[in-house]
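1. Predicted model and sequence below, questions to follow.
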Amino acid sequence: MTPTLRMQDVTVRLGRRDALQRVSLEVGVGWTALVGPNGAGKSTLLRALAGLQPVASGQVTIRTNEPGPPMDVHRTAPADRARLLAWLAQQGDVTGELTVRETVELGRIARLGLLGTPGAADRTAVDHAMALTECMPWQHRRLHELSGGERQRVLLARVLATEAPMLLLDEPTTHLDAPHQVALARLFRSLAHAPAAPRAVLSVLHDLPIALQADRLLVLDAGALQADGPPTDPAVQAALVRVFGGAIRIESDAHGRPRVALALDLG
Ligand SMILES: Nc1ncnc2c1ncn2[C@@H]1O[C@H](COP(=O)(O)OP(=O)(O)OP(=O)(O)O)[C@@H](O)[C@H]1O
């Protein structure tokens, strides 16, 4: 069973303001996109779900198929958490001196712990993650020798190498060109719906055309959840237009599927 993350009535205080205000939601199997304007609290919400951001009130719990009550994510040991969920930071957090392969291997070390010895399964997971993100050709290059988009794909490979059932991805499409954004959207959908081991994929996205391909949208504004549902839900679409201040329009394509357009009236 894929684990489920549950956020109950969570408030996060940053400085003098509430970056999250009494947010409740559940994240389970499927591809969920978290969207909202700059400063809405998306990264804060993702960090709180990952147990990396202390909360002022409320609780985040993980339910697995282990017997017993759900675990409080903020009280779970880092190595146990790493087996359940993987997090892609908004700003790359690894040194540029490492090679691409060494960087992707860090994803396995988080899972093994520093004293664990990598084996054949670890090498296979690293190779597979690099193949999925098309990083294999640069495996011996150092991170600082890569372009922004190439580096982003390596950091994503590190997350995929963990083989964690829950992926929390903060702006995974940053720096990517259009073909690689589309490839990532396909990858998220296939990971979320893999018949043998479906995963929970939660991605913060500014690319609304890509976000509308997700199974579910969470619309956040000013630290509060404004809508939660599939992209076809009129309440979700209305919330999107509202939180982006009318800068976008939601239209229907020839098959009745929603698509987003920038309201490009420059006056
Ligand atoms: N360390 C901090 N101290 C005080 N306020 C902070 C701190 N970090 C973030 N904030 C504020 O908290 C709010 C939420 O920030 P957060 O990074 O979660 O937003 P976001 O939705 O991810 O934004 P973006 O789309 O720009 O990445 C913002 O108003 C931000 O200015």
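-> In hand now; what should we look at?
2. Mind jotting down where the strands sit in this protein?
-> Assigned by DSSP state E, the strands in the chain fall at 4-14, 17-27, 30-35, 57-63, 71-72, 85-88, 166-170, 200-204, 216-221, 224-229, 248-252, 258-262.
3. Mind putting the ones you listed into CSV with distance to Gly96 and mean neighbour count?
-> In this view, the C-beta of every residue, glycine as well, is placed from N, C-alpha and C. CSV is the format used below for the strands of the chain (distance: least, Cβ to Cβ, whole Å; neighbours: other Cβ atoms under 10 Å):
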stretch, distance to Gly96, mean neighbour count
strand 4-14, 28, 17
strand 17-27, 30, 18
strand 30-35, 28, 24
strand 57-63, 32, 17
strand 71-72, 35, 16
strand 85-88, 17, 24
strand 166-170, 19, 23
strand 200-204, 24, 26
strand 216-221, 32, 23
strand 224-229, 37, 18
strand 248-252, 36, 14
strand 258-262, 34, 14
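4. Of those strands, which is nearest Leu46?
-> Nearest to Leu46 among the strands of the chain is strand 166-170 (5.1 Å), distances taken as Cβ to Cβ.
5. Could you dump the strands of the chain into a markdown table and include distance to the ligand?
-> Below are those laid out as a markdown table (distance: least, Cβ to the nearest ligand atom, whole Å):
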| stretch | distance to the ligand |
| --- | --- |
| strand 4-14 | 4 |
| strand 17-27 | 4 |
| strand 30-35 | 9 |
| strand 57-63 | 15 |
| strand 71-72 | 21 |
| strand 85-88 | 13 |
| strand 166-170 | 7 |
| strand 200-204 | 7 |
| strand 216-221 | 7 |
| strand 224-229 | 12 |
| strand 248-252 | 15 |
| strand 258-262 | 17 |
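6. Mean pLDDT added to these, as CSV?
-> Below are these laid out as CSV (pLDDT from 0 to 100):
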stretch, mean pLDDT
strand 4-14, 97
strand 17-27, 97
strand 30-35, 98
strand 57-63, 96
strand 71-72, 92
strand 85-88, 92
strand 166-170, 96
strand 200-204, 97
strand 216-221, 98
strand 224-229, 98
strand 248-252, 89
strand 258-262, 88
